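Enquirer: model this:
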Amino acid sequence: MSSPAAEALRVGELRPSQLLHTYGIGAVTDLPNLSTMVLGLDEWDQVRARPLTEDRLLAAVRRRLGGQVTALRTPPHLPENPADPYGDWTRTGVPVGLFPRWLRCSRERCNQLAPASSGLFQLVRNLYRPEKTKYVHTNCGGPGKGQPTALPARFLVACPAGHMDDFPWVYFVHGAGAPCASPTLSLTESGTTGEAANVFVRCTCGAVRSMADAIGQAGERNLPACRGHHPHLSTFVPGGCPEHARAMVLGATNSWFASQLRVFSIPRAQEPLTQAVKEHWSLLSPLAAVPADAAKMLLPTQACWPELEQYGADAVWAAVTKEAQAVVGHQDDEDEEVDLITPEWRAFTHPRDHALPDFTTVRERHVPDGTADWLDSVVLVHRLREVSALTGFTRIEAPEWLPDEEARTLPGAPLSRNDPTWVPCAELRGEGVFLALKEQPLAEWERREAVLAREQALKSAHRDWCTARGVEPRWPGIRYVLLHTLAHVLIRQFALECGYGASGIAERIYARSGPDSMSGILLYTAAPDSEGTLGGLVSLGRGDRLGPAIAQALEEAGLCSSDPMCAEHDPRIHARLHGAACHACLFAAETSCERGNHYLDRALLVETLADDKCAFRP
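Expert: Coordinates of the predicted model:
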């Protein structure tokens, strides 16, 4: 990462996937002695941002953000093995700015609090250890030798509309009254707990106030109105923001939630060359109108040529000509409704195996013993490619992961001052196991009287939950809750046997009733390495290991260490989006669950202490 200033140098490092999932645009990044915020796309340098080709994802992003988005790109990367390890290349990266801008002297009996622009603090860079970059309090009057480190202030303010600002220290300590002529502040703590009630902001005029007065509903009355500030864009909303500003601790987990779209690269052809041409058709299509000899000379100038070079110019040109003929008469495909789930479902359930670089599948000839009455097929996914795009972010409240997230425009903060023409993406490769359930037993289960009654209870709680948040209720269906629950119990069991941690195994649920029904789950793991993962998850999908794993997972799901409270949980009492589910039995890490641990219920999958009539697997 680097600061956007002219003298910018590296101040730390982040993995590309972290720039989408944890420390994306608008997020505060904590370094050992410094706190920064990742700036908007207007400040990013696209020279080292590699374009990614994924037409389905690009169409979905354009539907959410608008047709002005024309590209998907990876975050800017640094060159490998640079000739000069401290040259101009160090200024290339993801730009960040200092935030919060108020700093506190770390020396005991000083604790002076002031903005970085006050002149009290000096930035000290370390070229050999960029993460050691810090501010120091020059001319500190406290006891001790040397210049003490100036640390970021512990508190910020934010609002649900996605705005964030420095804490209004001067306003707060003076009780919203007129500040003194020359306020000099300090931030001190008493006791060892670190709670807000033991943190005090003081002014040399004698004013003092506990930070407990800034927390909770009472804190909203003691803080000024939100200014509508987007520090990652250096902009303010004209006229301010109608939301109340809320105090939060630096590093709070609710300060940034990503809004993303994810897809798997699915086959468009059985031959690798045809697949590659289809994937890069947006780059190759202009060559179709060029004479053959000239087109072959231009092929090596295309960004996708390193991937196509192995086939030779003649073969590539023949594939381009064939594809150009195939797309005639289909110019209106971009106007069709974007559906990210159905093409993936059809690819995984295709009777033929696939052997493509980014999609290699092998269909097991038999399902495991004891599962033939409900499990239709098992597909070992030896190689897959996942591409995720950051489309925005929220603060305070997480995005509501409703079933039609691909089609819904999520509220929140923008990625750039103007409409973005590209969005940052992350590319992961890995492996997985796909399970498809039989339609007939699942449809019969959905029509059971006890299941219908359970669904009404869950739908009632779902409706109240959505109403409280001003969200239109869209119930995903009882089939989705069942498959989602099955995925979570298998994630826990797989993590014990395959060598990957539970937080490293993700899910994709394919659930839909009706004529074009779907009923399957994909459990997968992926990494940014170009070679993917090590095969531990695929090996677990083979019949001799999968059968015992499923049986053990279902047996353990019947009893939770929090029973009977977990089994007897009524979602209608507190308007929850889950039934018999808790951290002890079903809840998974944020990186694993696609719905934020919503829509889970053990009672639909197995018999529990409180319900033995709804279980799909008695």
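Enquirer: going forward, measure contacts and count neighbours with C-alpha atoms only.
Expert: Fine.
Enquirer: Give the residue spans of this protein that score low on pLDDT.
Expert: 1-9, 77-92, 141-144, 176, 269-271, 326-338, 400-411, 529-532, 618 (pLDDT under 70).
Enquirer: which strand is the longest one in it?
Expert: Taking DSSP state E as the assignment, the strand of the chain that covers the most residues is strand 375-394.
Enquirer: Can you work out which other helices and strands pack against that strand?
Expert: helix 55-65, strand 257-264, strand 359-363, strand 422-437, helix 536-540 (3 or more C-alpha pairs under 8 Å, 6 or more residues apart in numbering; DSSP states H and E).
Enquirer: if I pick the closest residue to Arg363 other than its chain neighbours, what's in contact with it?
Expert: Ranked by C-alpha to C-alpha, 6 or more residues apart in numbering and with sequence neighbours excluded, the top spatial neighbour of Arg363 is Val379, at 4.4 Å. Contacts for Val379 (C-alpha atoms under 8 Å, 6 or more residues apart in numbering) come out as 348, 361-364, 433-435, 541.
Enquirer: quick one: the longest strand of the chain to strand 422-437, angle?
Expert: Here the directions of strand 375-394 and strand 422-437 differ by 160 degrees (axes from the mean of the first three to the mean of the last three C-alpha atoms, to 10 degrees).
Enquirer: could you flag which of the contacts of Val379 are buried?
Expert: For the contacts of Val379, a burial check counting by 16 or more other C-alpha atoms under 10 Å picks out 348, 361-363, 433-435, 541.
Enquirer: Just give me the closest of those to Leu151.
Expert: Val433 (46.7 Å; C-alpha to C-alpha).
Enquirer: which residues sit in contact with that closest one?
Expert: Counting by C-alpha under 8 Å, 6+ apart, Val433 has contacts 378-381, 522-524, 537-538, 541.
Enquirer: For Glu555, see how far away it is.
Expert: 21 Å (C-alpha to C-alpha, to the nearest Å).
Enquirer: what do you get for Val28?
Expert: Distance of Val28 to Glu555, computed by C-alpha to C-alpha: 43 Å.
Enquirer: and what of Arg545?
Expert: 16 Å.
Enquirer: out of the contacts of Val433, who's nearest Arg417?
Expert: Comparing the contacts of Val433 against Arg417 with C-alpha to C-alpha places Tyr524 closest, at 36.1 Å.
Enquirer: Leaving out sequence neighbours, find the closest residue to that closest one.
Expert: Nearest residue to Tyr524 in three dimensions, chain neighbours excluded: Gly432, at 3.8 Å (C-alpha to C-alpha, 6+ apart).
Enquirer: and that neighbour, how many neighbours does it have?
Expert: Using other C-alpha atoms under 10 Å, Gly432 is surrounded by 27 other residues.
Enquirer: And the one 4 residues further on, by the same measure?
Expert: The local packing count at Ala436 equals 20, with neighbours defined by other C-alpha under 10 Å.
Enquirer: close enough to count as contact, it and Ser519?
Expert: Yes - Ala436 lies in contact with Ser519 (C-alpha atoms under 8 Å); the separation is 6.0 Å.
Enquirer: Residues contacting stretch 510-527, please?
Expert: Stretch 510-527 is contacted by residues 341, 345, 385-386, 428-439, 443, 477, 479-480, 483-484, 487, 491, 504-509, 532-533, 537 when judged by C-alpha under 8 Å, 6+ apart.
Enquirer: and the angle for the longest strand of the chain with helix 55-65?
Expert: Angle, strand 375-394 to helix 55-65, by the same axes, to 10 degrees: 40 degrees.
Enquirer: from the chain's centre, how far out does strand 375-394 sit?
Expert: Relative to its chain's centre, strand 375-394 lies at 13 Å (C-alpha atoms, centre = their mean, to the nearest Å).
Enquirer: circling back: out of the helices and strands packed on strand 375-394, which is closest to Thr138?
Expert: Using C-alpha to C-alpha, these put strand 257-264 closest to Thr138, at 36.7 Å.
Enquirer: Please pull up the helix or strand immediately following that closest one.
Expert: helix 272-279 (DSSP states H and E).
Enquirer: Which elements pack onto the next helix or strand after that next one?
Expert: Next in sequence after helix 272-279, counting helices and strands by DSSP H and E, comes helix 281-284. Helices and strands touching helix 281-284, by 3+ C-alpha pairs under 8 Å, 6+ apart: there are none.
Enquirer: and the next helix or strand after helix 281-284, what does it pack onto?
Expert: Per DSSP H and E, the first helix or strand lying C-terminal to helix 281-284 is helix 292-298. Where contact means 3+ C-alpha pairs under 8 Å, 6+ apart, helix 292-298 is packed against helix 313-326.
Enquirer: what is the orientation angle of the helix it packs on with helix 272-279?
Expert: Using the same axes, to 10 degrees: helix 313-326 against helix 272-279 is 50 degrees.
Enquirer: Report the distance from helix 313-326 to the chain centre.
Expert: For helix 313-326, the distance to the chain centre is 37 Å (C-alpha atoms, centre = their mean).
Enquirer: ok, residues contacting that helix?
Expert: 273-274, 277-278, 284-285, 288, 292, 295-296, 299, 308.
Enquirer: Show me which residues of that helix are buried.
Expert: For helix 313-326, by 16+ other C-alpha under 10 Å, it's 313, 316-317, 319-321, 323-324.
Enquirer: farthest-separated two in those?
Expert: Largest pairwise distance in the buried residues of helix 313-326, by C-alpha to C-alpha, is 16.2 Å, between Ala313 and Ala324.
Enquirer: Tell me where the stretch 151-300 of the chain has strands.
Expert: 155-158, 164-166, 185-189, 199-203, 208-210, 229-230, 235-236, 246-249, 257-264 (DSSP state E, counting those that start in this stretch).
Enquirer: Identify whichever of those lies nearest to Val96.
Expert: strand 229-230 (13.5 Å).
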